[in-house]
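# using only what follows, build the 3D model:
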Amino acid sequence: MLRRINYRGKRVAYPLGALLLVAVLAALAADFSRWLVFLAGVGCLGLIDDLFDSAPRGWRGHTRAVARGELSTGALKAIGTLGLAAYAAAGGGATGAGYVADIALLTLAAH
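Numbers count the residues shown, from 1 in each chain. All right, here's what the predicted structure looks like:
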């Protein structure tokens, strides 16, 4: 399995997140245009996070920045991905807990 070093210096599986996202999208591809919007949106948010942010890093760093009243690009990416996941999952026909689970799966797989 391919591995790379994350921001903490630990070896993590790569590109496992991307493969999981592709598998989820293939399984839920009822309305393909929604998934294209999701993929393009998350890609753009990730690019913005990579290009314009030097600190903070990681979930804890971004959470601390938001707690201090700062909006980091990582927090923007997380919030934007949540919204995009809600949009994409809305076309799948799931309701209630299934809809929330779809949103959670897409959001976490994208990160």
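# and the closest residue to Ala89 other than its chain neighbours, which helix or strand is it part of?
Nearest residue to Ala89 in three dimensions, chain neighbours excluded: Asp102, at 3.8 Å (CB to CB, 6 or more residues apart in numbering). (Each C-beta comes from the backbone N, C-alpha and C, glycine too.) Taking DSSP states H and E as the criterion, Asp102 maps to helix 97-110.
# longest helix anywhere in the chain?
helix 32-52 (DSSP state H).
# which residues are in contact with it?
25, 28-29, 73-74, 76-77, 80-81, 84-85, 87-88, 90-91, 106, 110 (CB atoms under 8 Å, 6 or more residues apart in numbering).
# only the buried residues of the helix or strand just after it, if you could.
Using DSSP H and E, the helix or strand that follows helix 32-52 towards the C-terminus is helix 58-67. Within helix 58-67, the residues that count as buried by 16 or more other CB atoms under 10 Å are His62, Ala65, Val66.
# can I get the residues you listed in JSON lines including distance to Val12 and pLDDT?
Formatted as JSON lines, the buried residues of helix 58-67 follow (distance: CB to CB, whole Å; pLDDT from 0 to 100):
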{"residue": "His62", "distance to Val12": "18", "pLDDT": "78"}
{"residue": "Ala65", "distance to Val12": "22", "pLDDT": "81"}
{"residue": "Val66", "distance to Val12": "24", "pLDDT": "82"}
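# could the residues you listed go into a markdown table alongside distance to Thr95?
Below are the buried residues of helix 58-67 laid out as a markdown table (distance: CB to CB, whole Å):
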| residue | distance to Thr95 |
| --- | --- |
| His62 | 31 |
| Ala65 | 35 |
| Val66 | 30 |
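# so what's the residue nearest the centre of the chain up against?
The structure's the chain has its C-alpha centroid closest to Ala110; by CA atoms, centre = their mean the separation is 3.0 Å. When contacts are counted by CB under 8 Å, 6+ apart, Ala110 touches Gly17, Leu21, Val42, Thr81, Ala85.
# rerun that using 6 Å as the cut-off
Leu21, Val42, Thr81 (CB atoms under 6 Å, 6 or more residues apart in numbering).
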